[in-house]
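Participant: all I have is the shape, not the residue letters:
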Ligand code: FES
């Protein structure tokens, strides 16, 4: 959101932690980071050394003055930039070299109240949380939070399914046999419970739509895609290129929030989606795996940004499918999740390939 006092800039670190700063008119990104006590890599502060070099994932800016040794023309054309010189002309998302830890910037801690626990089916729950200090929690659509499981020392990671502007936060939870979050939700959870969350985290977030977009979701992997679609819908602007979502599930009951997808198909120009069920007994019109229902127009000869969120087997299957089809997507961002394991093993940052 652009405010009267400046542009909002997301600083996405290599460890997946993201911090948001506001850059007032006339200030550089480095100035504003410094004032926010976030020590992004800096040396000369003069556009001479290249130490601060970052990559702009989205937004527009005035690159400022610098010499070729710090940033070549090719690098600038490719999207690299120098925070010590650049001044935002819109909200930005910058990929910063180094970790948040190195920048002496700790991950955000939040408390929230469980407002609603909704069971879509016996294996999928939806949580609605009212976060204290909501105005201090900024996130990019596609990112996740670590949620401490009440009554335990453990935490689990869940992607926001709500858009960044939503007052209440929503998450989808796939249950796991004897999982700590599952046990909490099924046996102890009550509306009004207090929860502790950390984040936002993750580099699986929506970039500017610069070419056709193909979203692939498996099971509760639909959550981050819902957040992305909400962001696109809320912008009120028609994306410059078509966006297609193929959403697969094992059983019919695993397909959730299809009504929301229908609303997005009506509100986002050029957005289409398919739902696909793997169960051989299902009477769903589209059966099998998501890759069996992709058309040439969705792949666009590889000139496509792919966002994939699903279990590890799905991520592997999609990679193999692209290889077999001879398709190398321009950008391939993915998030793998496994049910019922802590985040260290459960979530891998999206990657551009
Ligand atoms: Fe040297 Fe930015 S700190 S170029």
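Facilitator: On my side now, so go ahead. Just so you know, these numbers come straight off a predicted model, no measurement behind them. Residues are numbered from 1 along each chain as shown.
Participant: pLDDT weak spots in the stretch 1-150 of the chain?
Facilitator: 1-4 (pLDDT under 70).
Participant: alongside the ligand, which residues does it contribute?
Facilitator: Listed as neighbours of the ligand in the stretch 1-150 of the chain under the rule CB under 6 Å from any ligand atom: 42-52, 70, 82, 84. (Glycine included, C-beta is placed from N, CA and C.)
Participant: type out the ChimeraX command that picks the buried ones from these.
Facilitator: Filtering those down to the buried ones (16 or more other CB atoms under 10 Å) takes a single ChimeraX command:
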select :45,47,48,49,50,51,52,70,82,84
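Participant: which of the residues of the stretch 1-150 of the chain next to the ligand lies closest to residue 111?
Facilitator: Using CB to CB, residue 42 comes nearest to residue 111 of these, at 33.3 Å.
Participant: that closest one - nearest residue in space that isn't next to it in sequence?
Facilitator: residue 52 (5.2 Å; CB to CB, 6 or more residues apart in numbering).
Participant: which outside residues touch stretch 43-62?
Facilitator: Contacts to stretch 43-62, defined as CB atoms under 8 Å, 6 or more residues apart in numbering, come from residues 7, 9, 12, 29-30, 40-42, 64-67, 69-71, 75, 79-97, 205, 207-208.
Participant: got a quick ChimeraX command for the buried subset of those?
Facilitator: Selection command for ChimeraX covering only the buried members of those, criterion 16+ other CB under 10 Å:
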select :7,9,12,29,30,40,41,64,66,70,71,75,80,81,82,83,84,85,86,87,88,91,92,93,94,95,96,205,207
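Participant: which of the contacts of stretch 43-62 fall within strands?
Facilitator: If you go by DSSP state E, the contacts of stretch 43-62 have 7, 9, 12, 80-81, 87-88, 92-96 in strands.
Participant: from those, pick the one nearest the ligand.
Facilitator: The ligand has its nearest neighbour among those in residue 81, at 9.7 Å by CB to the nearest ligand atom.
Participant: helices of the stretch 251-353 of the chain, start to end?
Facilitator: For the stretch 251-353 of the chain, applying DSSP state H, counting those that start in this stretch gives helices covering 258-267, 296-299, 312-325, 343-346.
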